[in-house]
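Asks: Pasting the sequence and the predicted coordinates here, then a few questions.
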Amino acid sequence: MVREELVRRLNDREYINWLKAGRCLLILKNGLHRFISQHMKSFHADLLNQNTVLRKQCVTSCRPRGNKLSGTCMVCAEWQRVIIKHHRQPDATMNWDNCFPPAWRTDHWEVAKAYMPRGQGKVKGADQFDASALLNLINYCDCFQSVNPKLVREVIRYRNELMHSCEMHMKDEWMRCYQITLRHFVQQFSHVPQMTTAGQEINEMLTADLSIRVPGSDRLDSAVSDEFECDSVHQWETSADLIGQWEAELLQERLQELLYDSDAADDAATKTQDTEQLRRLAGFLRANGDLGERFSAELQAINSLEPCLLLQPAAPLPPSGRTDSGCLPASQHGAGGGAGPVYVLRENWKRGHREAAGEVWT
């Protein structure tokens, strides 16, 4: 039985736009993966061939401290120099906390992490990088000379607007511009079969009708329609379940990003703003019973935030996610020092997932 809340959300045009746009990013990520992997593997091999120092093994287990990488061995220091040399903006902040330097010699993806946004340190599988990570890699690493960086940055900009939308609603005009940008970006990869397929799937997604119409509301008078209606109901519920899974994946990515941003923010104002967005997302999940059930572990973890951040609970969004006033103003209750409440939240969140999977915590 498809939940009433899902039916309501999937008949909200601007929410559907948000969902479609997010799904397109996942399609884009899947299309880019093989192309990027091949380029990074070749780039990595060239670095090793051109520099004998890079072929040596790190024997001191060098690690970054926070986002700083200093006092390393000769080998890791040389890797650091080379990585910066191939950064299109070498004066920009490098996210060394993404990296495990001793693995630079053997793993081209570990080198790639230095060009990605923060938060990739624990990503182990190459297929686990999201669209933002891959797009930033293309944008910053100069081994992707065949790709127009202006188009990459345009896609990144639209991605950020989408994922930072406090209402999870996108206007039709925004969608038209987004579609044009994606088309121009994908056209650069006409020689890559996976990207050709991705382009077709993106077009299909952007033109698909994801709205829900309840079967049986316009019943045929003939009794022979019963079998047809039964098949229609089955197909409708299967389709709705699939769309619901897409929705959950997108909401999960948004939740993870808010958790990391809140924990990694350097100033109190940013921490407060990120925490406010996290609470608003929790309000949206609670207002929709099906999502509240799906994300029960995450909601329980959010409830465990320090009391100072929960003194004035954010008003939950209506089931559609829309508000009349837009984003709520940042809370006046700033985050404290130490490990931070969002660090605790993330650990509780991990615990909730492991407990749900039957794992034992000690």
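Replies: Received it, and whenever you're ready, just let me know what you need. In this text, all values refer to a predicted model and were calculated from it rather than measured experimentally.
Asks: From here on, just use CA atoms for contacts and neighbour counts.
Replies: Noted.
Asks: After the one helix or strand Glu247 maps to, which helix or strand is next?
Replies: Remark: Glu247 resides in helix 225-264, with elements defined by DSSP states H and E. Of the helices and strands lying after helix 225-264 in sequence (DSSP H and E), the nearest is helix 268-287.
Asks: can you give me how far whichever helix or strand comes after that following helix is from the chain middle?
Replies: The helix or strand immediately downstream of helix 268-287 is helix 289-294, counting by DSSP H and E. Computed by C-alpha atoms, centre = their mean, to the nearest Å, the chain-centroid distance of helix 289-294 equals 20 Å.
Asks: Now do the buried residues in helix 289-294.
Replies: Residues of helix 289-294 classed as buried: Gly289, Asp290, Leu291, Gly292 (neighbour count, 16 or more other C-alpha atoms under 10 Å).
Asks: Also stretch 253-262?
Replies: In stretch 253-262, the ones that count as buried by 16+ other C-alpha under 10 Å are Arg254, Leu255, Gln256, Glu257, Leu258, Leu259, Tyr260, Asp261, Ser262.
Asks: would you list those in TSV and tack on distance to Arg280 and pLDDT?
Replies: Formatted as TSV, these follow (distance: C-alpha to C-alpha, whole Å; pLDDT from 0 to 100):
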residue	distance to Arg280	pLDDT
Arg254	12	88
Leu255	11	86
Gln256	14	83
Glu257	14	83
Leu258	11	81
Leu259	13	76
Tyr260	16	75
Asp261	15	70
Ser262	13	63
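Asks: Looking at those, which is nearest Gln89?
Replies: Of all the buried residues of stretch 253-262, Gln89 sits closest to Asp261, with 22.4 Å by C-alpha to C-alpha.
Asks: So the closest one sits against Asp274, correct?
Replies: Yes - between Asp261 and Asp274 a contact is recorded at 6.7 Å, counting by C-alpha atoms under 8 Å.
Asks: For this structure, give me the ranges with low pLDDT.
Replies: For the chain, the stretches flagged by pLDDT under 70 are 1-2, 212-238, 262-271, 305-362.
Asks: residue nearest the centroid of it?
Replies: Of all residues in the chain, the one closest to the mean position by C-alpha atoms, centre = their mean is Glu253, 4.0 Å from it.
Asks: where exactly do the helices run in the chain?
Replies: 4-9, 13-50, 74-85, 108-112, 131-140, 149-163, 172-187, 193-207, 225-264, 268-287, 289-294, 296-303, 341-356 (DSSP state H).
Asks: Name the residues of the first one that are buried.
Replies: With burial defined by 16+ other C-alpha under 10 Å, the residues of helix 4-9 counted as buried are Leu6, Val7, Arg9.
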